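Peer 1: Have a look; sequence and predicted model below, questions after that.
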Number of protein chains: 2
Amino acid sequence: MQTFTSIKAMQDWCKEQKRAGQTIGLVPTMGYLHQGHMALVGEARRNCDKVVVSIFVNPIQFGVGEDYEDYPRDLEKDSRMLEQGGADALFAPAVKEMYPPGYSTFVEVEGEISAKLCARSRPGHFRGVTTVVSKLFQICLPDQAFFGQKDAQQVMIIEKMVRELNFPLRIVRVPIVREEDGLALSSRNVYLSPEQRQQALVLNQALQLARETIQAGERDPAQVQALLVRTISASPGAEVVYAEIYDAADLTDVEQITKPVLIALAVKFGTTRLIDNLIVEV
Amino acid sequence: MQTFTSIKAMQDWCKEQKRAGQTIGLVPTMGYLHQGHMALVGEARRNCDKVVVSIFVNPIQFGVGEDYEDYPRDLEKDSRMLEQGGADALFAPAVKEMYPPGYSTFVEVEGEISAKLCARSRPGHFRGVTTVVSKLFQICLPDQAFFGQKDAQQVMIIEKMVRELNFPLRIVRVPIVREEDGLALSSRNVYLSPEQRQQALVLNQALQLARETIQAGERDPAQVQALLVRTISASPGAEVVYAEIYDAADLTDVEQITKPVLIALAVKFGTTRLIDNLIVEV
């Protein structure tokens, strides 16, 4: 596996691959890799000739007081995992390489899809995401780019951006990877105390309860939401940031659950904010 | 020359060219072509294997009350000119192809460069430009894209966008093409009455006067600006929108003219707004 820190060197390598007729799969990450990321790499490996993984903790998608400085980093371990996972290239630029002094160009998806869920509690977050992902697309020239369903709103916004800006590539959603006890894998799980780690199981439990309720015939999203909040709040350390139900296609509101819905949760345990979600079809 | 109205067909054609090892030169236009545009096509012809010209009057770069509806259009004549000029492909999409219902993704270059000159009199204009140019870059996959120096601020903003979003392409600036009497070519010149057409010569005359004054030793931009305003205002039908002098590299303010400056004018004749500019080196 080759490692690049320069935009130009990475872009030249990708251009060279394209000229040689190779397809490129890109897996954008913030590093501190876990099996969720490796599922993305595996999917890219199966779909594309060359797999590029980017590791970049993107400062402009973090708000003031969020965990940008503290976000866990371990480039050496990540690099070993990617080597074993079959990645061909690792792109790990410095912040000043991606955002040189005077940087002022941004890509933004506006509208309802960007005004809900994480957008409400993290203003500016998705603008930072769409900007960095646009840059990574131009640098790595992927034919396919792989994103986890764990960040459901993020992948929906990126899909809309790709469609509307006409990026010549396909977005592939990869299912959430969970621990055996149901906790969704996240680089932020490392922040949890052993007690919080146990309490955090309530996210998946609440999602499963909501699914069962809908499958048993409940069609009122307000009832499902009340159940979610009740379930999560019963866990002593959990503070609900949001627990909401939207149209799984475009995040519009639903009055009656008559088509696939996205159930999305954000819950804080102390200072650690976890997200999880589930698409339920009826 | 092949003509495309569908994004997918145009993008597929461009991908095919790239796969065959051909370089692509893109000339984005709003049509109603004149010899200024044809100079861009000629430059693209000399630099690239395949030349793609887009013709799209981009609604999102026009403000309320501007001339979007009235903007001159003549696709048949344009098509003949491009055929003779050696273009390989014409991309002429409908508005709903470029901006389908619910469209909400925008690319914006913020900062000083986007807060002056035309940005002041046309709020939102450059956001419309950078958004449509981003889309055209994704659709046409150019190795080089050709823009006229006539729209000096536009090309500077696009250069910054390309640099900061890491588009894998080179921007080529092509000099202003003028009539024999000095009027810069513009699709909007067609709006001018014979009398206004004569009055409009004052733009180039003012620029030349300013250049001579600087070359004779004037270093105070305020003095040069006063000269510009005085010269233009002496023409009976002319109303100065702006007449300004900035650093030619980045549009920052200059206190003393000690490096190349951009002298930029916007002047209205009745309802017709013309722009012109000149870079003066010292």
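Peer 2: Right, received. Where do you want to start?

Peer 1: Could I get the buried residue list for the strand or helix carrying A:R197?
Peer 2: Per DSSP states H and E, A:R197 falls inside helix A:194-199. The neighbour-count check on helix A:194-199 (16 or more other C-beta atoms under 10 Å in any protein chain shown) flags A:196-197, A:199 as buried. Placement of C-beta: from N, CA and C, glycine included.

Peer 1: Would you mind marking which of the residues you listed are also close to chain B?
Peer 2: Taking C-beta under 8 Å from any C-beta of the partner chain as the test, chain B is in contact with none of those.

Peer 1: got JSON lines for these, with pLDDT too?
Peer 2: Formatted as JSON lines, the buried residues of helix A:194-199 follow (pLDDT from 0 to 100):
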{"residue": "A:Q196", "pLDDT": "97"}
{"residue": "A:R197", "pLDDT": "97"}
{"residue": "A:Q199", "pLDDT": "97"}
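
Peer 1: could those be laid out in JSON lines, adding distance to B:Q22?
Peer 2: Below are the buried residues of helix A:194-199 laid out as JSON lines (distance: C-beta to C-beta, whole Å):
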{"residue": "A:Q196", "distance to B:Q22": "57"}
{"residue": "A:R197", "distance to B:Q22": "56"}
{"residue": "A:Q199", "distance to B:Q22": "59"}
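
Peer 1: Figure out how far the helix ranked longest in chain A is from the centre of its chain.
Peer 2: Longest helix of chain A, by residue count under DSSP state H: helix A:125-140. Relative to its chain's centre, helix A:125-140 lies at 13 Å (C-alpha atoms, centre = their mean, to the nearest Å).

Peer 1: can you check stretch A:259-270 too?
Peer 2: With C-alpha atoms, centre = their mean, you get 13 Å for stretch A:259-270.

Peer 1: what is the mean pLDDT for that stretch?
Peer 2: For stretch A:259-270, the per-residue pLDDT values average out at 97.

Peer 1: residues of it that come out buried?
Peer 2: By 16+ other C-beta under 10 Å, the buried positions in stretch A:259-270 come out as A:261-267, A:269.

Peer 1: cool, and stretch A:87-100?
Peer 2: Within stretch A:87-100, the residues scored as buried using 16+ other C-beta under 10 Å are A:87-93, A:98-99.

Peer 1: May I have the distance across it, first residue to last?
Peer 2: With C-alpha to C-alpha, to the nearest Å applied, stretch A:87-100 spans 28 Å between its terminal residues.

Peer 1: Same question for stretch A:90-106.
Peer 2: 24 Å.

Peer 1: for stretch A:184-193, same thing?
Peer 2: Stretch A:184-193 stretches 16 Å from its first residue to its last (C-alpha to C-alpha).

Peer 1: can you tell me how far the residue nearest the centre of chain A sits from chain B?
Peer 2: Residue closest to the mean C-alpha point of chain A, counted by C-alpha atoms, centre = their mean, is A:D151 at 3.4 Å. Counting by C-beta to the nearest C-beta, to the nearest Å, the gap from A:D151 to chain B is 18 Å.

Peer 1: and what of A:V280?
Peer 2: With distances taken as C-beta to the nearest C-beta, A:V280 is found 24 Å from chain B.

Peer 1: Surely that residue and A:A210 touch.
Peer 2: Yes - between A:V280 and A:A210 there is a contact at 7.2 Å, judged by C-beta atoms under 8 Å.

Peer 1: Looking at these two, which is more packed in?
Peer 2: Applying other C-beta atoms under 10 Å in any protein chain shown to A:V280 and A:A210 shows that A:A210 carries more neighbours, namely 25 against 19.

Peer 1: which SSE is the more buried one in?
Peer 2: Per DSSP H and E, A:A210 falls inside helix A:202-215.

Peer 1: Take the buried residues of stretch A:87-100 and write them to CSV, including secondary structure, distance to chain B and pLDDT.
Peer 2: Listed next are the buried residues of stretch A:87-100 as CSV, based on DSSP: H, G, I helix; E, B strand; the rest coil; distance: C-beta to the nearest C-beta, whole Å; pLDDT from 0 to 100:
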residue, secondary structure, distance to chain B, pLDDT
A:A87, coil, 21, 98
A:D88, coil, 19, 98
A:A89, strand, 16, 98
A:L90, strand, 17, 98
A:F91, strand, 11, 98
A:A92, coil, 16, 98
A:P93, coil, 10, 98
A:M98, helix, 9, 98
A:Y99, coil, 8, 98
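
Peer 1: Which pair in those has the greatest spatial separation?
Peer 2: A:D88 and A:Y99 (26.0 Å; C-beta to C-beta).

Peer 1: ok, back up a step: just give me the closest of the buried residues of helix A:194-199 to B:A243.
Peer 2: A:Q196 (63.9 Å).

Peer 1: Surely that closest one and A:S235 touch.
Peer 2: No - contact criterion C-beta under 8 Å: A:Q196 and A:S235 do not qualify, at 9.9 Å.

Peer 1: so what's the closest residue to A:F56 other than its chain neighbours up against?
Peer 2: The spatially closest residue to A:F56, leaving aside those adjacent along the chain, is A:P93, at 6.0 Å (C-beta to C-beta, 6 or more residues apart in numbering or on different chains). Each residue near A:P93 by C-beta atoms under 8 Å, 6 or more residues apart in numbering or on different chains is listed here: A:4-7, A:10, A:54, A:56.

Peer 1: Now with 10 Å, please.
Peer 2: A:4-7, A:9-10, A:54-56, A:99, A:135-136, A:139 (C-beta atoms under 10 Å, 6 or more residues apart in numbering or on different chains).

Peer 1: From the contact counts, what lies against the next helix or strand after the helix holding A:A210?
Peer 2: Downstream of helix A:202-215, the next assigned helix or strand under DSSP H and E is helix A:221-233. Counting contacts by 3 or more C-beta pairs under 10 Å, 6 or more residues apart in numbering or on different chains; DSSP states H and E, helix A:221-233 packs against helix A:202-215, strand A:238-247, strand A:261-269.

Peer 1: Which one, of these, ends up nearest to chain B?
Peer 2: Closest approach to chain B among these is made by strand A:238-247 (13.0 Å; C-beta to the nearest C-beta).

Peer 1: So which bits of the stretch 151-282 of chain A are right by chain B?
Peer 2: Proximity of the stretch 151-282 of chain A to chain B, by C-beta under 10 Å from any C-beta of the partner chain, involves residues A:157, A:160-169, A:250.

Peer 1: Apply 6 Å and report the result again.
Peer 2: A:161, A:164-168 (C-beta under 6 Å from any C-beta of the partner chain).

Peer 1: what residues does the one helix or strand A:I158 maps to touch?
Peer 2: Per DSSP H and E: A:I158 is located in helix A:152-165. With contacts defined as C-beta atoms under 6 Å, 6 or more residues apart in numbering or on different chains, helix A:152-165 is touched by A:109, A:113-114, A:117-118, A:126, A:129-130, A:133, A:147, A:171, A:173, A:262, A:277, B:103, B:105, B:134-135, B:138.
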